[in-house]
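Student: here's a sequence, model it:
(one chain, ligands or ions: 1)
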Amino acid sequence: MIFDPAAHLVSSRRLPRKLAVLSIDLEYDYNGIRTDALNRLPALLDAVRDARLPLTAFVEGRLFAERPDLCACLAEAGADLQLHCHDHREPGDTAESLQASIAAFERFVGIRPRGYRAHTYRLTEELFQAVVAEGFAWDSSILPGIGFGNHPGRVFRQGDWFVIDDALAEFPVASWRALGIPFTHSYRQLMGRLVESALDRTASLPALLVYDMHMVDLVPDGRIGKSPLPLWLKGAHALARSRQRGCDDLTALGDRLRARGYEWCTLSHCHERLTRTGQCG
Ligand SMILES: [Zn+2]
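Tutor: Residues are numbered from 1 along each chain as shown. Modelled structure (predicted):
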């Protein structure tokens, strides 16, 4: 069952200033085992450095054992390493697969992860309980809007970030306020530049802007036909590919949001600042 905010104490919070976070869900390509796009991670890290953007990476748990080379690249680049689902071929984490991911993370990083993002933003009740039980400090799985894995509950449209059951800070993935259209790399590609500039004139973005992307959004490899994705999703990817915004688009995004008063930081840094100011425990 998808996470139901009505069954929990959800406290809405405001940010004192605008913060933007560049995040990536680092995973095998298209829910499978291909690595054509995944292997281009070093190019993304170069682009992120050139754009002067701190990066928060939610890493598919099995990558810590199977692709330590890529995880080392992230660590060397100073990325904020956190945990994504254990295996993207499964519909989402269970309490057991979450434990397996934490163990793999801990073996590689040396400490337990503090932040989590669920497979396709699908935070379920069971997963929420497991994330809290494992001692995570914060989560970034809620997409307050329409689209894949969305959480349309009104409460998530009434704040910048949230504390759930006095136990877990929630930093939602960005969407256009009021409309609920995701402000992520894949949705921006899907809508195209004309629609986005129309949205820009009519709708606002959240004060905490957690931008999400995937390697297949940035460097699509054109071999999606062999992936296990459903047909309609393959079509959406093909459309997005025709409007591709590559790694170099990140410089424009960084400058655009800075010009609007956003400061770029990692989600760990954001959580530390809120903890220091007594806003989360
Ligand atoms: Zn993912």
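Student: who in this structure is up against the ion?
Tutor: The chain comes close to the ion at residues 25, 27, as judged by C-beta under 5 Å from the ion. In short, each C-beta sits where N, CA and C put it, glycine included.
Student: quick one: the strands in the chain, in order.
Tutor: Secondary structure of the chain by DSSP state E: the strands cover 10-13, 19-26, 55-59, 80-83, 115-116, 138-139, 161-164, 168-170, 208-213, 263-264.
Student: and the fourth one, what other elements does it pack with?
Tutor: Here strand 80-83 is seen to pack against strand 55-59, helix 68-76, helix 95-109, strand 115-116, helix 267-276 when contacts are counted using 3 or more C-beta pairs under 8 Å, 6 or more residues apart in numbering; DSSP states H and E.
Student: in a markdown table, list those along with mean pLDDT.
Tutor: Below are the helices and strands packed on strand 80-83 laid out as a markdown table (pLDDT from 0 to 100):
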| stretch | mean pLDDT |
| --- | --- |
| strand 55-59 | 98 |
| helix 68-76 | 98 |
| helix 95-109 | 98 |
| strand 115-116 | 98 |
| helix 267-276 | 94 |
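Student: columns distance to I33 and mean neighbour count on top of the ones you listed, output as CSV?
Tutor: Listed next are the helices and strands packed on strand 80-83 as CSV, based on distance: least, C-beta to C-beta, whole Å; neighbours: other C-beta atoms under 10 Å:
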stretch, distance to I33, mean neighbour count
strand 55-59, 16, 25
helix 68-76, 14, 16
helix 95-109, 17, 17
strand 115-116, 23, 26
helix 267-276, 28, 18
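Student: look up phi and psi at the closest residue to the ion within the stretch 151-281 of the chain.
Tutor: Proximity of the stretch 151-281 of the chain to the ion (C-beta to the ion) peaks at H214, 6.7 Å away. The phi/psi pair for H214 (degrees, to the nearest 10) reads phi -130, psi 160.
Student: which residues pair with the closest residue to the ion within the stretch 1-150 of the chain across the strands?
Tutor: Closest contact between the stretch 1-150 of the chain and the ion, by C-beta to the ion, is at D25 (3.8 Å). Beta bridges link D25 to F58, judged by DSSP bridges.
Student: quick one, what contacts it?
Tutor: By C-beta atoms under 8 Å, 6 or more residues apart in numbering, the contact set of D25 is 58, 60, 84, 117, 212-214.
Student: swap the cut-off to 10 Å and go again
Tutor: 57-60, 84-85, 88, 117-121, 140, 184, 212-215, 217 (C-beta atoms under 10 Å, 6 or more residues apart in numbering).
Student: give me the residue ranges of the chain where confidence is low.
Tutor: 220-227, 229, 240-243, 279-281 (pLDDT under 70).
Student: nearest the middle, which residue of it would you pick?
Tutor: The centroid of the chain falls nearest to D212 when counting by C-alpha atoms, centre = their mean (4.3 Å).
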